[in-house]
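**Student:** Quick one, fold the following:
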Amino acid sequence: MSEIATHEFVSRPRDSERTTRKPLHFFDRVKILLVLGGLQIFFVWVTLDDNPILPVREAINQTLHDRWWISALFVLELLRQLNYVVLEHWRGYYSLWTGVWGRIDRGVERLNPWTRYRVSRVFKVLAAIAVLNGFVAWRTGRGFWEQLPHLPGDIGDFLFSTTQQMPFIFQVLLTGVFLIGQFALLFWFLSKGGIETYFPDDIRTRFTDVWGQDPVLDKVKENLIFLEDPKSIESKGGHVPSGILLYGPPGTGKTLMAESIAGETGLPFVFVEPGAFMNMFMGVGVLKVRGLFKKVRKLALRYGGVIVFFDEADSLGKRALAAGGGMAATPSALWDPACNGVHYLSEPTQAFLWNQHVHAHKDADEPPKRRLMMGGLNGGGGDMMALQSLLAGLSGMTKPRGFFNRVVRRTLGMRPKAPPKYRWLMVMATNMPNSLDAALLRPGRIDRIYKVGYPSKDGRKRTFEGYLSKVKHELTDEQVEQLAVISPYATGATIKDTVNEALVFAIRDGRDTISWPDVLKAKHHKTHGVPDDWEYIDRERHAVAIHEACHAIAFYRLDRRVAIDVATIERRGGTGGFVSGIPLEDRFGTWKSEREVDIMVSLASLAGERMFFDGDNSNGVGGDLAHATTVAMEMEAFSGMGETIASHRVTKAMDAQQAGQTVETGTDRQWLETAFGERVEARLRELMQQVATLLEENRMLILALAHAMEAQKTVSGDDVRAIIEGTQGPIIDGRATTTPCSRRDSRSTTRPR
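**Tutor:** Residues are numbered from 1 along each chain as shown. Presented below is the predicted three-dimensional model:
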């Protein structure tokens, strides 16, 4: 077997890393010289036409004398190109040149960007008027400044005289062309926008700027290697992958990864906005798609390849979603207003409860809105036409093109020439991959599908380090490591926002350096929301603190899968307080003992309130009881975690099929009135007794933690751990909870009145 040479991706240097100027293509170097030379030859031709007996040499000398400005421009362009040649080969001269012009550019950049844009636009308009005035002055024989006041009148007279001299039939045709041109101009104007083109070196983002997504980046680099060196795979009978789909949760870096692709390649980058093909009038989206592919083909031929990026591709690539629209309810609607009991539950249990809520509230979803279609409005059909045009364009990149090639050669009995190979890479990003049309995702259009998921712990740490390096901070490596651990589902966007929010807290306190408490406070605000500054009355604040402290103690003592992130009594919306945990490892399945722990942690609030308030309890335990009951019923009915083996899911599925309804999960109210309900109640009472015993054994710690929450309102997981273990925390000294005085105080009870 012959050995195949492997190719390693080499990052393209930035402009700041270059030691010489990037070499120009030969045509780019001589094209202006050719135009000026051709213009000079044209004027020699005109001179000979005016005086046929004039010798060619004298015609050349006369043209050089009369049109001296062409020669001057030719010499200036020649000197400019010679300067470029020196910059491309002499490092010292390049360093001096960039240093001088760099200072000038920095001086210009001090101006307001809008001011620079307006001034540039004025200069462009003045330059266009000057060129037009010079041309008219040349035709009329006037001087440049003499012609300038007469320019508008001369142009109007020329158009009027040209129109009047035409025969009547041509005037009618011209009028028709003018009327049709108005509509053509309107549609041309509407078809613009939504598509931006960035040329090589316009984007400075590199792969080194994308943190926490190394596995995906390695796969993307492979595609770029084949795009920049297509012969490495085409010579062996393969083809260059032409499409990549990046999907995953919002904020994980899909768009940033596409920008890095543009920065790493020396190819143009075409950015297609999400709403580029959504328009008021039918057919405009199709015109935009055709214009896009025309531009892509032109750029691919000019530069040897092109990158096309569709951001939020589901806005274009969806043919039809499931009827009924999206979910109108939000996760926050699931939980009882008095206590957000979901935070201390495991991830699988939270997901199960959310699914239960979805099924319970499916009839309350907003019905699909009626769409009106009238006149030229698309009424939702324009997206379909744009999608079909996009699919046709992707398939038509290999069809013969050009009027002469397709029509004239066929008329002469000749086979049309095959089109050139348009090497391009289409990158799509979406957080709803299931909504994309299957025809769009087939091989040949989208060849590679990569998930850009949540970063791993090492990826989160690298991302925190990257954003923290841009600000002043006093965090140690251990604290950054811990920050990565306690942020299991943080994305690049949330990490960036967290660091920025921490800087805001520091500046608000009159500091320019971020501290560890700043970062913790910012993380809690971004994860759980901003508190409402609600002030409890004394007895209610104490009751809420006892409620949440019971959750936290049961959480800490029973659940070793999750670490406590924060315990708070601060009100956020309809949530009076909560205890939030952080999973210590990624888990796929859930065991019976783990579900029982979730139930006991839910029931801790009821057991604790009855223990501290002489058998009394508030309505704040209602949400916790709903969670515990739902999980217990699921264990007994479906998961084989109860006294019976048969699964009720089978019977519910059969009933649903016979009734022609959607399959339900089986948590009906009638179940509680049967032997099944009695078993669920017995299970809940048994677990309730176990958690009550646990709370009685930790009575002192409950009061200590409740007191800390009443004083601090929000207590971090480290301080909760310090109170329970009797150690020194970041803010709270937990050693005070082990004193004899605190033990005597722990035997008292407080009944809210």
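
**Student:** any idea how far Leu39 is from Val530?
**Tutor:** Look at Val530 and Leu39: by CB to CB, to the nearest Å, they are 67 Å apart. The C-beta positions use only the backbone N, C-alpha and C, and glycine is treated the same way.

**Student:** quick one: which of the two has more around it?
**Tutor:** Leu39 (14 against 11; other CB atoms under 10 Å).

**Student:** By residue count, which helix of the protein is the longest?
**Tutor:** Looking across the chain with DSSP state H, the single longest helix is helix 113-140.

**Student:** what's the following helix or strand after it?
**Tutor:** Going down the chain from helix 113-140, the next helix or strand is helix 144-147, by DSSP states H and E.

**Student:** What is the longest helix of the chain packed up against?
**Tutor:** helix 144-147, helix 151-164 (3 or more CB pairs under 8 Å, 6 or more residues apart in numbering; DSSP states H and E).

**Student:** Any idea which of the ones you listed has the lowest pLDDT on average?
**Tutor:** Across the helices and strands packed on helix 113-140, helix 151-164 has the smallest mean pLDDT, namely a mean of 71.

**Student:** in which helix or strand would I find Ile731?
**Tutor:** Using DSSP H and E, Ile731 falls outside every helix and strand.

**Student:** quick one: it from His525, how far?
**Tutor:** Ile731 is 17 Å from His525, by CB to CB.

**Student:** Compare these two (neighbour count), which wins?
**Tutor:** It is His525, of Ile731 and His525, that has more neighbours when counted by other CB under 10 Å, with 19 against 15.

**Student:** Enumerate every residue touching that one.
**Tutor:** Glu501 (CB atoms under 8 Å, 6 or more residues apart in numbering).

**Student:** in which helix or strand would I find it?
**Tutor:** Going by DSSP H and E, His525 is part of helix 516-528.

**Student:** Please compute how far that helix lies from its chain's middle.
**Tutor:** 23 Å (CA atoms, centre = their mean, to the nearest Å).

**Student:** Alpha carbons of the helix or strand that it is followed by, as PDB, please.
**Tutor:** In the C-terminal direction, the helix or strand that comes right after helix 516-528 (DSSP H and E) is helix 538-558. Extracted in PDB, the C-alpha atoms of helix 538-558 (Å, rounded to 0.1, in the frame of the first residue of the first chain):
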ATOM      1  CA  ASP A 538     -40.100  39.600  60.400                       C
ATOM      2  CA  ARG A 539     -42.200  36.500  61.000                       C
ATOM      3  CA  GLU A 540     -42.600  35.700  57.300                       C
ATOM      4  CA  ARG A 541     -38.800  36.200  56.600                       C
ATOM      5  CA  HIS A 542     -38.100  33.700  59.400                       C
ATOM      6  CA  ALA A 543     -40.600  31.200  58.100                       C
ATOM      7  CA  VAL A 544     -39.200  31.400  54.600                       C
ATOM      8  CA  ALA A 545     -35.600  31.000  55.900                       C
ATOM      9  CA  ILE A 546     -36.600  27.900  57.900                       C
ATOM     10  CA  HIS A 547     -38.300  26.500  54.800                       C
ATOM     11  CA  GLU A 548     -35.300  26.900  52.600                       C
ATOM     12  CA  ALA A 549     -32.800  25.800  55.400                       C
ATOM     13  CA  CYS A 550     -34.700  22.500  55.700                       C
ATOM     14  CA  HIS A 551     -34.300  22.000  51.900                       C
ATOM     15  CA  ALA A 552     -30.600  22.800  52.100                       C
ATOM     16  CA  ILE A 553     -29.800  20.500  55.100                       C
ATOM     17  CA  ALA A 554     -31.700  17.600  53.500                       C
ATOM     18  CA  PHE A 555     -30.000  18.400  50.200                       C
ATOM     19  CA  TYR A 556     -26.500  18.400  51.700                       C
ATOM     20  CA  ARG A 557     -27.000  15.300  53.900                       C
ATOM     21  CA  LEU A 558     -28.700  13.100  51.400                       C
END
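
**Student:** Next SSE downstream of helix 538-558?
**Tutor:** Following helix 538-558 in sequence order, the next helix or strand is strand 562-568 (DSSP H and E).

**Student:** what packs against the helix or strand following that next one?
**Tutor:** Later in the chain than strand 562-568, the nearest helix or strand by DSSP H and E is strand 578-583. Judged by 3+ CB pairs under 8 Å, 6+ apart, strand 578-583 is in contact with helix 516-528, helix 538-558, strand 562-568.

**Student:** and Arg91, which of those is closest to it?
**Tutor:** Nearest to Arg91 among the helices and strands packed on strand 578-583 is helix 516-528; the distance by CB to CB comes to 44.2 Å.

**Student:** And the closest one, what's buried?
**Tutor:** 516, 518-528 (16 or more other CB atoms under 10 Å).

**Student:** In a markdown table, list the residues you listed along with distance to Val270 and pLDDT.
**Tutor:** What follows is the buried residues of helix 516-528, written out as a markdown table (distance: CB to CB, whole Å; pLDDT from 0 to 100):
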| residue | distance to Val270 | pLDDT |
| --- | --- | --- |
| Trp516 | 44 | 87 |
| Asp518 | 41 | 90 |
| Val519 | 39 | 89 |
| Leu520 | 43 | 85 |
| Lys521 | 42 | 85 |
| Ala522 | 37 | 88 |
| Lys523 | 38 | 85 |
| His524 | 41 | 80 |
| His525 | 38 | 82 |
| Lys526 | 34 | 80 |
| Thr527 | 37 | 77 |
| His528 | 40 | 75 |
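
**Student:** closest to Lys457 among these?
**Tutor:** Nearest member of the buried residues of helix 516-528 to Lys457, counting by CB to CB, is Lys523, at 15.2 Å.

**Student:** which ones are touching the closest one?
**Tutor:** Taking CB under 8 Å, 6+ apart, one finds 483, 486-487, 498 in contact with Lys523.

**Student:** The same query, at a cut-off of 6 Å, please.
**Tutor:** With contact taken as CB atoms under 6 Å, 6 or more residues apart in numbering, Lys523 is in contact with Thr498.

**Student:** what's the distance between it and His551?
**Tutor:** Taking CB to CB, one finds Lys523 at 20 Å from His551.

**Student:** coming back round to it: how far out from the middle of the chain is the longest helix of the chain?
**Tutor:** 40 Å.

**Student:** Mind checking the pLDDT average for it?
**Tutor:** Mean predicted lDDT for helix 113-140 stands at 80.

**Student:** going forward can the numbers begin at 41, since that is how I track them
**Tutor:** Right, with 41 as the first residue, what we last looked at is helix 153-180.

**Student:** Can you point out the buried residues in that helix?
**Tutor:** So for helix 153-180, counting by 16+ other CB under 10 Å, buried means 173, 176-177.

**Student:** angle of the helix holding His565 against strand 618-623?
**Tutor:** Relative orientation of helix 556-568 and strand 618-623, computed by axes from the mean of the first three to the mean of the last three CA atoms, to 10 degrees: 100 degrees.

**Student:** Just the CA atoms of helix 556-568, as PDB, please.
**Tutor:** The C-alpha coordinates for helix 556-568 follow below in PDB (Å, rounded to 0.1, in the frame of the first residue of the first chain):
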ATOM      1  CA  TRP A 556     -14.200  36.400  44.100                       C
ATOM      2  CA  PRO A 557     -17.500  37.700  45.800                       C
ATOM      3  CA  ASP A 558     -18.100  39.900  42.600                       C
ATOM      4  CA  VAL A 559     -17.900  36.800  40.400                       C
ATOM      5  CA  LEU A 560     -20.200  34.800  42.700                       C
ATOM      6  CA  LYS A 561     -22.800  37.500  42.900                       C
ATOM      7  CA  ALA A 562     -22.700  38.000  39.100                       C
ATOM      8  CA  LYS A 563     -23.100  34.300  38.600                       C
ATOM      9  CA  HIS A 564     -26.100  34.100  40.900                       C
ATOM     10  CA  HIS A 565     -27.700  37.100  39.200                       C
ATOM     11  CA  LYS A 566     -27.200  35.600  35.700                       C
ATOM     12  CA  THR A 567     -28.300  32.100  36.700                       C
ATOM     13  CA  HIS A 568     -31.300  32.800  38.900                       C
END
